[in-house]
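Colleague: Next one to model:
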Amino acid sequence: MTSANKEKIAQEISVQNEIEKESGVAESLKKYEHRPGQAEKFLNDVGSCDEDDIKTAYNYLVFFNCLDKGKFNKYMNNWVLVYNQEVIEYGQEYTKEEQ
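Modeller: Modelled structure (predicted):
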């Protein structure tokens, strides 16, 4: 990854972190903390990862945010596919061959 790409990602993360702080993502994550400060540490750690790790972390955030809001209540027996920070589909678990 070039330094220009890293700088661009760092800027995007900085903007995303500001949006998350304003939208309460850190507050939402606090209910999962075992020790104070873990939510902020998680969000800061996301900023030091490579692009694929960042995308995965944000997909997890979307998943748990939807879970907290009850958006999956009618899909309790299904798997959820989250991709590019959007819920794509509900259904059966994918096998390794299908992934």
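
Colleague: Which residue ranges of the protein form helices?
Modeller: Listed in chain order, the helices of the chain (DSSP state H) span residues 3-23, 25-29, 38-46, 51-68.

Colleague: Now do the first one, average pLDDT.
Modeller: Over the span of helix 3-23, the pLDDT mean works out to 60.

Colleague: ditto for stretch 38-55
Modeller: Stretch 38-55 comes out with an average pLDDT of 72.

Colleague: Give me the contact list for stretch 78-90.
Modeller: 55, 58-63, 66, 71-72, 75, 91-94 (CB atoms under 8 Å, 6 or more residues apart in numbering). (Each C-beta comes from the backbone N, C-alpha and C, glycine too.)

Colleague: for it, which positions count as buried?
Modeller: Within stretch 78-90, the residues that count as buried by 16 or more other CB atoms under 10 Å are 80, 82, 87.

Colleague: State the pLDDT value of Leu81.
Modeller: We have a pLDDT of 88 for Leu81.
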